[in-house]
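J.: any chance you could fold what I've pasted below:
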Amino acid sequence: MACGGRVRFNVGGQVFETTTTTLANAGRDSMLGALLDSSWNLPSSSSPPPPPPQGGGVPEYFIDRNPSCFAVLLDLLRTGSLHVPPHLPEKLLYREALYYGLLDHVRAARWGAFDGDRLRLAASVPGRAPGDGTAIRAAPDGGCCVAHGGAVHVYNWMLDERRPVSLDHSQVNDAAYLDASTLLVAARERRHHHRGGADGDGGDGGGGMAAFSAVSGELLHRFRVAHAKQAKPFTAGALAFDGGGASVFASCKGRLNEHGVGVWDRATGEQADFFYEPPGCALGDADKLQWLDGASALMVASLFPRSDNCFIGLLDFRAKAVAWSWSDATAAASALGDDKRVLHAVAMEDGRSVCVINQYDDLGFLDLRKGGGTGGGVRWCSRSKLMSRKVLLPGEESCYPRLATHGGQLFSSMNDSVSVFSGPEFVLTSTLRRSHGGAICDFSIGGDRLFALHNEENVFDVWETPPPPII
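T.: Sure, this is the predicted structure:
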């Protein structure tokens, strides 16, 4: 740029002047940052450079866009903070930020890196049908999706609803994001569905597993389970991906012997393997799948009430064996108690233990470095009792607790709140709760946000970490 690095913009008739240093903060992938790239901004004989204004030699660029939004975005590049005037609709600002390639800058200014102890309630979004929300999943870009019966409602990071994914009345069991624009959906097989939709021509009904566009809701690919080179109908349950993102896993339950965990190649979408259900291991009914990088194995958890007893195992696909397993089938009263049920499980991020939770909100830990077994081996603690539990009113429904880990912290939903446990001993450090909405039936962490789905009002809450102060 000429004139000491100064540049002038005429945006919708309003003139702004800034420096090349400020424009460089936008990044070369943005429209404004690209102005600094000589390979993009080469003058030619047919397209001369912009003429200088009458008052001096500073080049001026005309952009036919909203000047109020440009002022806010330019201030963001100058200061690193986002100040939106009360009269300016935020969604209008997001639209303009998308045009300039500055959405990531706006997101970074709106919320900071995820920290469970600093989360603040940012928004509450009403659901479609009270009481039937089954799962919520965070997208890598800060959006989310919510499973309601036979449909998955998809929201972008601005919480605008996109076109839903419809499964023609097949019950959705799980959903997961392959990436920000691709949604994987697992559904229950409908026994009386026409064979063409379930296992024939690839119709979008009948259960199984399929990939959909998270933007348009259209079917992209149906994942098949084949036995003896013949495609079989099946119900898909829990979903997971390996650490490198090359494989897709799903618990599968077929009509005959197709019970176990299926594996598909993510690049081709073709079935790569199938771990058949061995005796005593309810793999087809698994509620939770999680890949462990350190062990190069898949954790599978079949939990109450889907199965009578809890089974947790590590599947080694290279050896085609269950490398480690634990069950509460014959739990001793001293270890678990006849009235305690393991309701959810999550492998800790260090890969050395699995955390479980029962209906009393007691946390237990299983050491993966020791032998598994039946009943014993759980180190139980009652740190959750440090919080005052909500007393349910007559007719008020409770939800099973859920667990998640992120950034070295442990999270657990307990009735109408989410508890955060931190430190090497996982001490309760904070609690996320809002005043109404009922019990939390599911929650998910991703894209630097925590999403909590409430059961009664079918509303989901969005929790964000405030950005650090700018000095």
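J.: residues near the closest residue to Asn309 other than its chain neighbours, how many?
T.: Spatial nearest neighbour of Asn309, excluding adjacent residues (C-beta to C-beta, 6 or more residues apart in numbering): Ala329 at 4.4 Å. Using the backbone N, CA and C atoms, a C-beta is placed for each residue, glycine as well. Look at Ala329: counted by other C-beta atoms under 10 Å, it has 13 neighbours.
J.: what of Tyr177?
T.: Neighbour tally, Tyr177, other C-beta under 10 Å: 24.
J.: correct me, but it touches Ile136?
T.: No. The pair Tyr177 / Ile136 is not scored as a contact, 11.9 Å apart, by C-beta atoms under 8 Å.
J.: list the residues that contact both of these two?
T.: Cys145 (C-beta atoms under 8 Å, 6 or more residues apart in numbering).
J.: beta partners for Trp291?
T.: Leu298 (DSSP bridges).
J.: measure Ala186 to Gly423 for me?
T.: 35 Å (C-beta to C-beta, to the nearest Å).
J.: more neighbours: these two, which one.
T.: Neighbour tally, Ala186 and Gly423, criterion other C-beta under 10 Å: the higher count belongs to Ala186, 26 against 11.
J.: need the phi and psi values for Gly33.
T.: Torsion angles at Gly33 (phi, psi; degrees, to the nearest 10) stand at phi -70, psi -30.
J.: what stretches of this protein score poorly on pLDDT?
T.: Along the chain, segments meeting pLDDT under 70 span 1-4, 37-57, 128-132, 191-206, 330-340, 372-376, 382-397, 435, 470-471.
J.: longest helix anywhere in it?
T.: Across the chain, the longest stretch assigned as helix under DSSP state H is helix 67-79.
J.: residues contacting that one, please?
T.: Here helix 67-79 has contacts from 9, 11-14, 16, 18, 22-23, 25-26, 32, 63, 81-85, 88, 92-93, 96-97, 100, 102, 105-106, 109, 470, using C-beta under 8 Å, 6+ apart.
J.: just the buried residues of it, please?
T.: Buried residues in helix 67-79, defined by neighbour count with 16 or more other C-beta atoms under 10 Å: Pro67, Ser68, Cys69, Phe70, Ala71, Val72, Leu73, Leu74, Leu76, Leu77.
J.: distance check, the second one against Arg78.
T.: Ser68 sits at a distance of 16 Å from Arg78 (criterion: C-beta to C-beta).
J.: how about stretch 177-192 as PDB, C-alpha atoms only?
T.: What follows is stretch 177-192, C-alpha atoms only, in PDB (Å, rounded to 0.1, in the frame of the first residue of the first chain):
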ATOM      1  CA  TYR A 177     -20.400 -34.700  13.600                       C
ATOM      2  CA  LEU A 178     -18.000 -36.100  11.100                       C
ATOM      3  CA  ASP A 179     -17.000 -32.500  10.500                       C
ATOM      4  CA  ALA A 180     -18.800 -29.200  10.800                       C
ATOM      5  CA  SER A 181     -20.800 -29.800   7.600                       C
ATOM      6  CA  THR A 182     -21.500 -33.500   7.900                       C
ATOM      7  CA  LEU A 183     -23.700 -35.200  10.400                       C
ATOM      8  CA  LEU A 184     -23.800 -38.900  11.200                       C
ATOM      9  CA  VAL A 185     -27.100 -40.300  12.400                       C
ATOM     10  CA  ALA A 186     -27.800 -43.700  14.000                       C
ATOM     11  CA  ALA A 187     -31.400 -44.900  14.000                       C
ATOM     12  CA  ARG A 188     -33.600 -47.800  15.000                       C
ATOM     13  CA  GLU A 189     -34.700 -50.200  12.300                       C
ATOM     14  CA  ARG A 190     -38.400 -50.300  11.700                       C
ATOM     15  CA  ARG A 191     -39.400 -54.000  11.400                       C
ATOM     16  CA  HIS A 192     -42.300 -53.400   9.000                       C
END
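J.: report the buried residues of it.
T.: Tyr177, Leu178, Ala180, Thr182, Leu183, Leu184, Val185, Ala186, Ala187, Arg188, Glu189, Arg190.
J.: in strands only, show me those residues.
T.: Tyr177, Leu178, Thr182, Leu183, Leu184, Val185, Ala186, Ala187 (DSSP state E).
J.: with distance to Met348 added, can I get the residues you listed in TSV?
T.: Formatted as TSV, those follow (distance: C-beta to C-beta, whole Å):
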residue	distance to Met348
Tyr177	22
Leu178	25
Thr182	28
Leu183	27
Leu184	24
Val185	28
Ala186	25
Ala187	30
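J.: His87: neighbour count?
T.: So His87, with other C-beta under 10 Å, has 6 neighbours.
J.: what helix or strand is it located in?
T.: Per DSSP states H and E: His87 is located in neither a helix nor a strand.
J.: got it, and Trp264?
T.: Element membership for Trp264, per DSSP H and E: strand 259-265.
J.: check Leu32 too.
T.: Assigned by DSSP H and E, Leu32 falls within helix 31-34.
J.: just the buried residues of that helix, please?
T.: Neighbour count says helix 31-34 has Leu32, Gly33, Ala34 buried, by 16+ other C-beta under 10 Å.
J.: which residues are in contact with it?
T.: Residues from elsewhere that reach helix 31-34 (C-beta under 8 Å, 6+ apart): 23-28, 40-41, 77, 99-102.
J.: try stretch 286-297
T.: So stretch 286-297 is in contact with 237-243, 249-251, 261, 298-303, 306, 314-318, 323-324, 344-347, 350-351, 368, going by C-beta under 8 Å, 6+ apart.
J.: got it, and stretch 19-27?
T.: Contacts of stretch 19-27 (C-beta under 8 Å, 6+ apart): 1, 5-7, 32-33, 35-36, 74, 77-78, 80, 100-102, 105.
J.: how about it as CSV, C-alpha atoms only?
T.: C-alpha atoms of stretch 19-27 as CSV (Å, rounded to 0.1, in the frame of the first residue of the first chain):
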residue,chain,number,x,y,z
THR,A,19,-3.5,1.1,8.2
THR,A,20,-2.1,-2.0,6.7
THR,A,21,-1.1,-3.2,10.2
THR,A,22,-4.7,-3.3,11.2
LEU,A,23,-5.7,-5.1,8.0
ALA,A,24,-3.0,-7.7,8.6
ASN,A,25,-4.8,-8.6,11.8
ALA,A,26,-7.7,-9.9,9.6
GLY,A,27,-5.5,-12.7,8.3
